[in-house]
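> How does the following fold in three dimensions:
(3 chains)
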Amino acid sequence: MKCRFFLLDVNEAHDAEKPTVRLWGVDDEGHRIAILATQIKPYFYIVPAKNVELKSIRERLLKSHGESIETAQVTEEGKKLLGQERTVLKVTCSDYEAVNRYSREIPRLLVGAQCYEQDIRLSVRYIIDYTLTPCGWNQCDVDEADLGGLRVNRAYVASSVVASVRKEEDEAPKLRVMGFSLLTASERGSAKAERDPVRAIAAVTNSGESRTFVNEGDNDSAALNEFAFFVNQFDPDIIVGFENNRLDWPYLIERAKLRNVRLNVGRDGSDPHSSLFGHVSVAGRANLDVADIAGGFPEIKVKTIENFAKYLQVSSARKITTIEEFDRFKLWTEKLGRERLLQDVHLRAQVSLELAEATINFPMQLSTLTGLTLDQVVAAAVGFRVDSYIMREAWLQGELIPPRNEQPFFTYRGAIVLEPKTGVHENVAVLDFTSMYPSLMEKYNLSPDTFVKPSEKALEDSVFVIPDVGYKFRKKPDGFYRTVIRALLTQRKKVKVELETLEEKSTRHKVLRERERALKIITNACYGYAGWVGARWYVREVAESAAALGRDTITKTISKADSLELPIIYGDTDSIFVQNDPEKIKELTAWAKRELDLEIRVAHKYVRVLFTEAMKRYAGLQPDGTLDIVGLEVVRGDWSDISRQVQERVLESILLDRSTENAVQHVRTTIRRLQNGEVPIADLTIRKTLTKPIEDYQVRSPHVEVAKKLLKQGWYLAVGDKISYVITKGKGKLFEKAEPYAQVKQDQVDVEYYLENQVKPAAMRILELFGVSEKQLAD
DNA sequence: GCTGACTGCCTACCT
DNA sequence: ACAGGTAGGCAGTCAGCG
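Residues are numbered from 1 along each chain as shown, chains lettered A, B, ... in the order given. From the prediction side, this is the model:
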């Protein structure tokens, strides 16, 4: 029989006798299903040195591995190695161990031979080889099988190879989603799993169920058991939480281990386990961390669940309040406090669920596009998303997938940034080259397989010579990156065309909008990927050439604008800010299309725009009356709110009201409030991220010293955490006066510091352009 | 012993 | 753990200084 299913998760069955890939999903009728596929066996390729007789290799190989002839099968296959057609040996093994054993021995056994694709896991292999569509519909012939302990409605054995059903318009089935959140509290510092029991676990489902498993005493076994039972009973397809990968799951796993409780919430009965991209994986389900999704919203500076909820305006957003970790234990010991905590943990689960539902379309499209499962694609960094996407492309083209190997790293010259014309400019247009780097890579065929090594000879006419760096790339045939980028650009164009024809509210429009975003993200990351040492297709010269062509492009464009007498105010990488002169802009755009074969679009229009002397920092008034603030303190997460607010008001006064006087007045008022102790501590807090382990820091800086203090007090801190501190009165260096913000009282604040090093500099950065002196602020 | 110029570390930003 | 380019704060060093 045929089974058509929406693919949610893929893993390997380690308990099976032979290598088995398990596909988890939801079928046409809404049944949760598992398909066991044993058609595929682990394999790898051997690329022998050139001019070596393959037959003899094959025989030598089988002879030297006498004991394993039965376990390996060697066949010849035509593949490409960086575009070069090669006949290679495919070694199919009975298990992984054999893959590892043979692929390690082969270079010793056969001089000059190299192994490929031995690092690709079977589950990945399956998705690639059969072009499966995660978060999409797939089908295959199946035979019904015994459930064998799997927690699904139907288990099957695949009797044919699984294939994706290319019907991307099809909606996802109705999926069961569960949000959860953990409450912990400790008498001193952060709760530690080895010491402090779970206080409560809240779970909320998208079918309206809501449970909170409370543990009042020291023994949390019951709460853990009940939670695991509830998960299995509700049987979610998607599990979400906020920072659940980093905090909730590891804590639960550790407590379960201590209490000897099974957290067997996987659909195969397994426990959650840490997985490939530093996330926690639950077999057969997609466990997602909403914090990872929040990471894709750079406009949210401090990635808390509260901020994310407010930003997206999910329905429970206004109910959510912040309870400091500092206050939690005390609240837990009080009756009312405990009620509040329980309400809070429930709300967090609820908000996680709402946030996931509001944002999940994009990761789903990204999953379909890249071939990573939903949980993986959410957890994976950009580089690995591109990696996954192009591995599939490589396989489709018969190109061998190179390993991810360690290599030396050199930086190279990047983009050009222009010195801005300082001051206020009226009526300005920002012109952008659309997808400049990928377009240049495509146009000049920049690719590892077309790159002409300095030692190689090439006919002058047959190559592109890259300006400035002098690298050469063959014009023919199409390079690997060219085919990849072309495919991405074409797909995106197609999606855009279809979007035009759709109702904005239709489901398909929503899906395609996210699909277009996914295509855009992957396309634009190709340049960075090519220059990333971790990339499988890393060739520095490719990225370096793209950067050089970018500089050439923007330089030529500036010359052209000059010759058109179109004044340029500023420019960065692939954009130039010019006087909004539609006629001349039209001419420039036409020139770019004709001479450079690149598209320029008007990305922004500013009624007025203000530049300080610095690059990458400006503020513009948009036609709709809102300010677009770039690079300045207002948009930086490491300045106190009071300085950001004052600078924003200054910019508003100047750009919107055109009144320096109002700006100055506002600064004076703020200074007075500060001096009177009327500015709350929260607005004085400075946040900085810990970017490495404490012991790796070479200097003593405020946030590092505060982090040390917190660690000493027993708080749990990890790389990536934001340290919030306030500068207090006292003697010495700033790092000696910085204190954890939750522990500072109003009268301890070093008002002088906030005046001289926060508020005044932020305000003066703008005001000094208008001849305002610092003295005038004090009046 | 203090001051100011300068350097390097560090974070967060821009395209 | 996609790239390089840039701003700007703070700590620390060191020359110069009656």
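> In the stretch 201-350 of chain A, what residue spans correspond to strands?
Assigned by DSSP state E, counting those that start in this stretch, the stretch 201-350 of chain A shows strands spanning A:210-214, A:238-241, A:273-274, A:280-281, A:286-289.
> ditto for the stretch 51-200 of chain A
Ranges of strands within the stretch 51-200 of chain A are A:72-81, A:84-93, A:114-116, A:137-145, A:154-158, A:163-164, A:177-183, A:200-205, based on DSSP E, counting those that start in this stretch.
> Out of those strands, which is closest to DNA strand B?
strand A:177-183 (25.1 Å; CB to the nearest atom of the strand). Placement of C-beta: from N, CA and C, glycine included.
> Next, format the strands of the stretch 201-350 of chain A as JSON lines and append mean neighbour count.
Output for those, formatted as JSON lines (neighbours: other CB atoms under 10 Å):
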{"stretch": "strand A:210-214", "mean neighbour count": "18"}
{"stretch": "strand A:238-241", "mean neighbour count": "27"}
{"stretch": "strand A:273-274", "mean neighbour count": "12"}
{"stretch": "strand A:280-281", "mean neighbour count": "24"}
{"stretch": "strand A:286-289", "mean neighbour count": "28"}
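> Include mean pLDDT and distance to A:Ile576 when you put those into a markdown table, please.
Compiled in a markdown table, the strands of the stretch 201-350 of chain A are given as follows (pLDDT from 0 to 100; distance: least, CB to CB, whole Å):
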| stretch | mean pLDDT | distance to A:Ile576 |
| --- | --- | --- |
| strand A:210-214 | 98 | 54 |
| strand A:238-241 | 98 | 43 |
| strand A:273-274 | 95 | 47 |
| strand A:280-281 | 98 | 46 |
| strand A:286-289 | 98 | 39 |
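> Which of these sits closest to A:Gln343?
Closest of these to A:Gln343 is strand A:210-214, at 9.1 Å (criterion: CB to CB).
> From the contact counts, what lies against that closest one?
When contacts are defined as 3 or more CB pairs under 8 Å, 6 or more residues apart in numbering; DSSP states H and E, strand A:210-214 packs onto strand A:200-205, helix A:221-234, helix A:335-359.
> and the shortest one, what's its mean pLDDT?
The one in question is strand A:200-205. What strand A:200-205 shows for mean pLDDT is 98.
> ok, A:Glu498 - contacts?
The contact partners of A:Glu498, by CB atoms under 8 Å, 6 or more residues apart in numbering, come to A:Leu512.
> how close does it get to A:Tyr389?
A:Glu498 sits 21 Å away from A:Tyr389, taking CB to CB, to the nearest Å as the criterion.
> before we move on, back to that, got a markdown table for the helices and strands packed on strand A:210-214, with distance to A:Val511 and mean neighbour count too?
Listed next are the helices and strands packed on strand A:210-214 as a markdown table, based on distance: least, CB to CB, whole Å; neighbours: other CB atoms under 10 Å:
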| stretch | distance to A:Val511 | mean neighbour count |
| --- | --- | --- |
| strand A:200-205 | 23 | 25 |
| helix A:221-234 | 26 | 18 |
| helix A:335-359 | 14 | 20 |
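> now these in JSON lines, with distance to DNA strand C?
Rendered in JSON lines, the data for the helices and strands packed on strand A:210-214 read as follows (distance: least, CB to the nearest atom of the strand, whole Å):
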{"stretch": "strand A:200-205", "distance to DNA strand C": "29"}
{"stretch": "helix A:221-234", "distance to DNA strand C": "29"}
{"stretch": "helix A:335-359", "distance to DNA strand C": "18"}
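> Out of the ones you listed, flag the one nearest A:Lys443.
Closest of the helices and strands packed on strand A:210-214 to A:Lys443 is helix A:335-359, at 34.8 Å (criterion: CB to CB).
> Report the angle between the helix or strand that the closest one is followed by and strand A:137-145.
Where DSSP states H and E defines the elements, the next helix or strand beyond helix A:335-359 is helix A:361-370. Here helix A:361-370 runs at an angle of 80 degrees relative to strand A:137-145 (axes from the mean of the first three to the mean of the last three CA atoms, to 10 degrees).
> The following helix or strand past helix A:361-370: how far from the chain's middle?
Sequence order places helix A:374-379 as the next helix or strand after helix A:361-370, per DSSP H and E. Here helix A:374-379 is found 9 Å from its chain centre; the criterion is CA atoms, centre = their mean, to the nearest Å.
> do the same with stretch A:73-89
Taking CA atoms, centre = their mean, one finds stretch A:73-89 lying 34 Å from the centre of the chain it belongs to.
> Repeat that for stretch A:314-324.
25 Å.
> can you give me the end-to-end distance of that stretch?
By CA to CA, to the nearest Å, the extent of stretch A:314-324 from end to end equals 22 Å.
> list the buried ones in it?
Residues of stretch A:314-324 classed as buried: A:Val314, A:Ser316, A:Ala317, A:Ile320, A:Ile323 (neighbour count, 16 or more other CB atoms under 10 Å).
> sorry, back to before: ok, which of the helices and strands packed on strand A:210-214 comes nearest DNA strand B?
Comparison of the helices and strands packed on strand A:210-214 against DNA strand B by CB to the nearest atom of the strand identifies helix A:335-359 as nearest, at 20.0 Å.
> Could you list every helix and strand that the closest one packs against?
strand A:177-183, strand A:200-205, strand A:210-214, strand A:238-241, helix A:290-294, helix A:305-312, helix A:325-333.
> Same list, the ones you listed, but as CSV with distance to DNA strand B please.
Formatted as CSV, the helices and strands packed on helix A:335-359 follow (distance: least, CB to the nearest atom of the strand, whole Å):
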stretch, distance to DNA strand B
strand A:177-183, 25
strand A:200-205, 30
strand A:210-214, 34
strand A:238-241, 24
helix A:290-294, 13
helix A:305-312, 13
helix A:325-333, 19
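> Turn these into CSV, including distance to A:Pro408.
CSV is the format used below for these (distance: least, CB to CB, whole Å):
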stretch, distance to A:Pro408
strand A:177-183, 44
strand A:200-205, 48
strand A:210-214, 53
strand A:238-241, 40
helix A:290-294, 31
helix A:305-312, 40
helix A:325-333, 43
